[in-house]
Structure formats: structure tokens, C-alpha cells
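Asks: sequence and predicted model, in that order:
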Protein chains: 2
Amino acid sequence: MKQASNDAVPRQEAAEAEDMPDVSIKEVARLAGVSIATVSRCINNPEKVTAKTRRKVQDAISQTGYSPNKLAQSFRRGRTNIVMVVLPSVGDPFFTAVMNGIRGAARAKGYSVLIEETQLNTMTADEIGAMLVSNQTDGIILLASMSPFGNEVLSAKSKRRLPIVVGCENVSPELANFPSVHIDNISAAKEATNYLISQGHQRIAMVCGQASSLLTKDREFGYRAAMKQAELAIEDGWVVEGDLTIAGARKATRILMNHGNRPTAIFCANDEMAIGCLHEVKSAGLQVPRDISIIGFDDIRYAEVTDPPLTTISQPAEEIGERVMYRLCRRIEAGNGASSSPEIVPHKLVIRQSVAKPAS
Amino acid sequence: MKQASNDAVPRQEAAEAEDMPDVSIKEVARLAGVSIATVSRCINNPEKVTAKTRRKVQDAISQTGYSPNKLAQSFRRGRTNIVMVVLPSVGDPFFTAVMNGIRGAARAKGYSVLIEETQLNTMTADEIGAMLVSNQTDGIILLASMSPFGNEVLSAKSKRRLPIVVGCENVSPELANFPSVHIDNISAAKEATNYLISQGHQRIAMVCGQASSLLTKDREFGYRAAMKQAELAIEDGWVVEGDLTIAGARKATRILMNHGNRPTAIFCANDEMAIGCLHEVKSAGLQVPRDISIIGFDDIRYAEVTDPPLTTISQPAEEIGERVMYRLCRRIEAGNGASSSPEIVPHKLVIRQSVAKPAS
DNA sequence: CGATCAATTGTAAACGTATACCCTGCTAGC
DNA sequence: GCTAGCAGGGTATACGTTTACAATTGATCG
């Protein structure tokens, strides 16, 4: 296959591309007959260099296939253009949607996104702190409560205007005065519960999230508040803890189904669990919503294709993602100058068909 | 709250932690009364340093709260310990599962994971290539066909034993001799189709993925092969392209439902689409599997909670993720020395309740 | 034509770490 | 007690950029 030389292929280029050991700015400078400073300027401040020189450098660059070593750049500039987002589970479609918003904004701003899950203990608070401190990332978006995180590294470093923004949930006390963007989880949970009440339900149970999660804590709080306000009792065993997964919800639902005083409606702290709950109720031979009503939270994309379609609270997930990323950017650029007030985005009750008036 | 001084708190530490401008190895060395080389050795080769010295250094480190600047480390060592994975959609639970495998292995090996989606053009092939070339990442896992990617950057660089591993699908010709790990998509699709045939179906349609995706191309190929082998005709309009999303599948399904010669079974190229398909069929007032059978592909976690539960092809998603990551590690460490043969993992037909014998 | 000034380019230092190489001092063997 | 050997620690350089500053060029104006 090695032909002699009868085509007009620019042979030199090919040859250069062949080995190309590790072409640095030096090599380009040599080839263009200028100093490395000029090459650097050509790339970063093209207006500060003569058109003629720019050409020479451009030629040299395309000849060598040079591209700046990002490692060196990051090192020199002290910035990686990487942000980290910490969340409970990438698998949850709600967070996926938030991530889409983040990713879009990140891309627009020239950042890459590093994802870390807390769910399976894939990363401890210490490690996250270490990551921050060691400059691997320019900033962090917290979509998950990280209480243990607060005290150790954070408090010491927070004064150094550490770029952290909290998303999707209230900021915990330890993280006070970090910016945040989220819906009003308490009000939203109240609204969901009130909707069930307005349909005539009185025996309303809840499948909530882990106790450690501030987000689900708020939702449970809203549920309890609504029940209290309506003067409805919450029986022992009606509030059962899931782990925000389908499997967890199924287990929790089984417990509820076997409760002596079975509820007529179940409020799930997220849609993922509502799906598990729905399946489990149907598996028990009951019908939804005829026998039991179910309401979820998040409005993930599967919510409208369940059978029956899920009534739920809708969050503007992508928008949250976008906003949280933009706030992080401002925090990175402006330091503590950027505002740190919480930003509340609107939620919405989406009525589909998993809730009906109770049978009795 | 600012008390005078009546407790035994080590005041110096507190004071040091207070400002901590940017403590570098130099500061630690100064404090420990040793050279920076020794500090470095203490961290990276503790056995090459006296216990006594080690102590002094350790003390200085914890006093200052020093942690090595990863940027500088990466720069110096020429490695970032970050790998990039390129995939069509993080939202797809199948890829989420693969990612879990990747993440687990990455964590075990000390890598962080950078995710890039191709679906929404969030990153062009050029950008990915640039990323690679500029050392931002140590290696890349491709879970998505990147045909346009092949020629430009890759071919030029592939000789430089670029650490790339392909996952979930056959490696395209341009990427030849990169390692890969995936199931045998063609055989699996054949198996799915044959199962429908074995149940007595003759009018079998398929909702496939984008033409650009090698993975879905293979599945379509398997379907066609099985049909041919069984001497069953595929009518015009029975193979309709979805985009691997619920919405796309619903649109595709509507087309199938209106087909003059309506199929009795539908093979969907992934479960996400099968869910959309299922919903659409039921929305049309038909029953599954009584009126129409549906079979999916991937066995995502929602597959067992649909109504009816989805019959599908199961892939060992996490295992694929793990293996692909480990192969990438070997590639990073051993260069081209590491084998580059494709690694086929087993798939499995999971029979649930979305397929039955045809009515007629 | 020479001087002054602006525009452009070159020089060199710095970022924080790792390490090759050298030096010191100790131990052990004779 | 002397030397060979070696382990522990110091010195200094390199990694590839960016950038402050110096130097040079070219141009404009007197």
C-alpha cells in the first residue's frame, strides 16, 4: 500500500503528523521564527499582534497541529474550567434533567462538568473537600445535602470565597450564605397534600426520603403541616421512609398496604418512588386511583406514561440547573461580591389521573 | 461570642487556618525545617524518609492544612487522573447503569469521570478530539458512535497509542483496533425477534434508533436477519426510526398503528422507546399483549414496573461499564501493549408479560 | 533628518511539583 | 580506626504556559 509519490499530497504535513512527539509552544515559535511569547499572544490576544506575524504563527500552528497543553494552562492560570456537581443519584431522571440545564449553561460558559454521586458513598465529604482545596475544580454545585461536609473543610475555607452553590434544596445551616436556587419544597408538599385533602381524602400516608436529606425533610414537613392544618390525624406507621428508589418505595408501600388502618392516598416524596408505589399497589390487586390515590413529586418524564399517568408536583428542573450554573459562574468570577440570597423558582401541581376521590 | 482565652484550644492552628492564603509545599518545608524535596518524598515515597523527618513533615502538613496542588501535580506528572466518557444520553437509564459500573471502577483506580453527551450536540467531534490532544483527560470511553470523529483527529493521533476504549457497541471501522466491550447486538436482536416468531407472530415491526448509531444499526440488522431466516416479509413502513426517546417512540408507534397492515408485535431498539410504545398502544385503546406484543432491549430498571412488565433483552450494564473502565486503565498504563480485541459479554432474554401469542 | 512615542516583539521569571543528581553522615566490615 | 557503602536529605532543573517588563522597531512630527 505504500505508494511512491505520484499524488500531490503535502508530504511534509503528513510526515509531521506521523510522529508529532509532543509539539509545544516552543516548537511553534521556532517554526514561525518568533518568540514563544508572541505565539501565546497570537492565541490569547490576537489583536496585540501584527497581521503578518499572526499569519506566520497560524501557519506554524496548523503545520504542527499544535494545541496548547491544557494542563500547563490550567496550572499557570490557576483555573481548570471544570466544575463539580455533587448529587444523590444521576440515575434519577429529575437530576438528569437538572444536569441537562447545568450542562447547557456550563457549555455556554466554557466549563466541563465532573459528576460525583453521594448515594453509594462513592465519595466522602472529605474527598470532596480535598478536591476543592486542591484546585482540581473551579467550583462546586451541591444538589445533595452534605451535612458532614460543612464543618470540617468548609467552614475553614468558606471565607476564601469558595465557589459553591446549592441547588434543588434549602441550604442547610452549615452552608449558610452560599447562594442557592430551588423551589419552595415545603409549600409544594403542602399543596400536594392539600390537593389530596380537597379530593376528600382523610387517611393520607407518605413515603418520604432518607432522614439525612434536607430536601425530603422539607417535603415531609410540608405534608405534616398540611395535615395538621386540616386537622387530620397521621397514624403511626403512615409515614414510612423510602430511599428515593423504586425498590425502596415498593418495600415501603408493602408496609403501608398491610397497615391496620390502610390509607386511601399516598404522597411519595419523588416520582421514582411513586412509580414503585404504583406498581406495588397494582400488584396487590388494587386499582389506582379507584382504591388508592397516589401523588408524586418532580414530574420526571416517565410520570406521564405510567398507567395511570401520575399526578405530581412539577419542578422546572432544567431551569434550576441553568440558574444554579450561572450563579456558580458569577461566584467564580466575582467572588463573594455575587449575591448569596436563595433564589426560589416556581413549582406547579400537574393533575393527571392517579388521584381520585376516595371510594368510601 | 469572641471569648478571651480561657480554653485550651491550640490557638496557633486556628489562626493558621483562618487566613491560609495558599499554602504550598514550600510553606510546609519551611515549617518542618526541611527541603521541599523531602516534603514531596514524604507524600509520595514515605519509605524513603526517616520516621523522625516524616513526623515533622506530617505535623507541618496538618498544621497548615496543606494539600498538594493537583493542577501542579497533573502538570508535572503529565496526567490528570480524569477520564472522559462520551455517550448519547445520560438520561437513558441503561447508560446510567453503565456509568455506575464505570464510576465504580474509576473510583477504585483513582480516576474522576468527565461526562459528555453527544445527543444534543453538546460537544462536537472536534472538541472531543481537542480535549484529548490537549491532555485534559488521560483517556476516553466512547459509548456512542462517533464516525465523524474518526478521520480527523483520531487517525493522526491513534498511533500515539491514544487511550480510547469503545463500549456497548461494535467498534466502527474508523476506530478499528481500539479495544471494546459489548454484547453481540446482532445475535441479541435476532433472539428477540425469534422469540416473537416462536410465539406465532408473523407481522413484526421494529422501532429502531437513528441511522447514525452503530448500535441500533446492528439491532436492526439482527431483526432483519431473523425475519429473513424465518421467511417472513417486512412490509414497507414496518421499520420506523425513533430517536431512542419516549417521545420519538410514541410518534413512531402512531405511524405503525395507522399502517394498513398493522403488525401484531413490535420490537423496540431500547426499553425507553418500548415504554413510549407501550403507552401509545394503550392510549389507542388496545391491550398489551392481547392485541399487540411489545419487546424491548436493555432491561432498564423501569422495565419490570411497566404495566404489563416488559419482556426485553438484558445487558449486564454495570459489568460493561466496569470492564470498559478497566480496559481503559490498562490502555493508559500499558499503552498499545494492552490487547485491543473486542470483548463480548453475554446478554439474556428476560421474559415478562408484554409478549403473548397473537390473537388471530 | 533626528527625536519622540506608540506599537510590536523579545526576555525572563513565575506558577507548584517531582526527581535526577549530588552531598553528607552514618554504619558495618575488616 | 579506616574505608566502602549506603541511606537520607538537599540542590537545582524541568514541565509548558502566561505575563510583566525591557528592548526594539517603525512611524510621526517637529
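Replies: Perfect, I can see it now. Numbers count the residues shown, from 1 in each chain, chains lettered A, B, ... in the order given.
Asks: tell me the residues of chain A that contact DNA strand D?
Replies: A:22, A:24-26, A:36-37, A:40-41, A:43-44, A:66, A:68-69, A:72-73, A:75-77 (C-beta under 7 Å from any atom of the strand). C-beta coordinates here come from the backbone N, C-alpha and C atoms, glycine included.
Asks: tell me the phi and psi of A:Ser314?
Replies: phi -100, psi 130 (degrees, to the nearest 10).
Asks: state the number of residues packed around it.
Replies: Neighbour count for A:Ser314, taken as other C-beta atoms under 10 Å in any protein chain shown: 19.
Asks: returning to that earlier point: can you tell me which of the residues of chain A next to DNA strand D end up in helices?
Replies: A:25-26, A:36-37, A:40-41, A:43-44, A:72-73, A:75-77 (DSSP state H).
Asks: what pLDDT does the one residue in chain A that gets nearest to DNA strand D get?
Replies: Proximity of chain A to DNA strand D (C-beta to the nearest atom of the strand) peaks at A:Ile25, 2.8 Å away. On pLDDT, A:Ile25 comes in at 94.
Asks: surely it and A:Val39 touch.
Replies: Yes. Between A:Ile25 and A:Val39 there is a contact under C-beta atoms under 8 Å: 5.2 Å.
Asks: those two: which is more packed in?
Replies: A:Val39 (27 against 19).
Asks: tell me the contacts of that one?
Replies: Taking C-beta atoms under 8 Å, 6 or more residues apart in numbering or on different chains as the criterion, A:Val39 is in contact with A:25, A:28-29, A:32, A:57, A:60-61.
Asks: likewise A:Ile344?
Replies: Contacts of A:Ile344 (C-beta under 8 Å, 6+ apart): A:181-184.
Asks: so which of the residues of chain A next to DNA strand D are also by chain B?
Replies: Counting by C-beta under 8 Å from any C-beta of the partner chain, A:68-69, A:72, A:75 from these sit close to chain B.
Asks: show me where chain A has its helices.
Replies: A:11-19, A:25-32, A:36-44, A:51-64, A:70-77, A:93-109, A:125-133, A:147-149, A:155-158, A:185-198, A:214-229, A:246-257, A:271-283, A:317-334.
Asks: could you redo those helices as TSV and give each row distance to A:Pro346?
Replies: Below are these laid out as TSV (distance: least, C-beta to C-beta, whole Å):
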stretch	distance to A:Pro346
helix A:11-19	54
helix A:25-32	50
helix A:36-44	42
helix A:51-64	49
helix A:70-77	38
helix A:93-109	15
helix A:125-133	30
helix A:147-149	27
helix A:155-158	30
helix A:185-198	10
helix A:214-229	15
helix A:246-257	26
helix A:271-283	18
helix A:317-334	9
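Asks: weakest of the ones you listed by average pLDDT?
Replies: For these, where the average pLDDT is lowest is helix A:11-19, sitting at a mean of 40.
Asks: my guess is A:Ile115 contacts A:Val90, does it?
Replies: Yes. Applying C-beta under 8 Å as the test, A:Ile115 and A:Val90 come out as touching, 6.1 Å apart.
Asks: need the residues touching each of the two.
Replies: Shared contacts of A:Ile115 and A:Val90, counting by C-beta under 8 Å, 6+ apart, come down to A:Met99.
Asks: A:Leu205 and A:Cys268 touch, don't they?
Replies: Not quite, residue A:205 is Ala, not Leu. No. In this structure A:Ala205 lies outside contact range of A:Cys268 using C-beta under 8 Å: 9.6 Å.
Asks: so for the two, which sits in the more crowded spot?
Replies: Using other C-beta under 10 Å, the more surrounded residue of A:Ala205 and A:Cys268 is A:Cys268, with 31 against 28.
Asks: just the buried positions in stretch A:341-360, please.
Replies: Within stretch A:341-360, the residues that count as buried by 16 or more other C-beta atoms under 10 Å in any protein chain shown are A:345, A:347, A:350, A:352, A:354-356, A:358.
Asks: the residues you listed: which ones sit near DNA strand C?
Replies: Of these, not one also sits near DNA strand C (C-beta under 7 Å from any atom of the strand).
Asks: closest one of those to B:Ser314?
Replies: A:Ser354 (28.6 Å; C-beta to C-beta).
Asks: re earlier: mind putting the contacts of A:Ile344 in JSON lines, distance to B:Ile313, pLDDT and neighbour count included?
Replies: JSON lines is the format used below for these (distance: C-beta to C-beta, whole Å; pLDDT from 0 to 100; neighbours: other C-beta atoms under 10 Å in any protein chain shown):
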{"residue": "A:Val181", "distance to B:Ile313": "40", "pLDDT": "96", "neighbour count": "22"}
{"residue": "A:His182", "distance to B:Ile313": "39", "pLDDT": "96", "neighbour count": "23"}
{"residue": "A:Ile183", "distance to B:Ile313": "38", "pLDDT": "97", "neighbour count": "23"}
{"residue": "A:Asp184", "distance to B:Ile313": "43", "pLDDT": "96", "neighbour count": "17"}
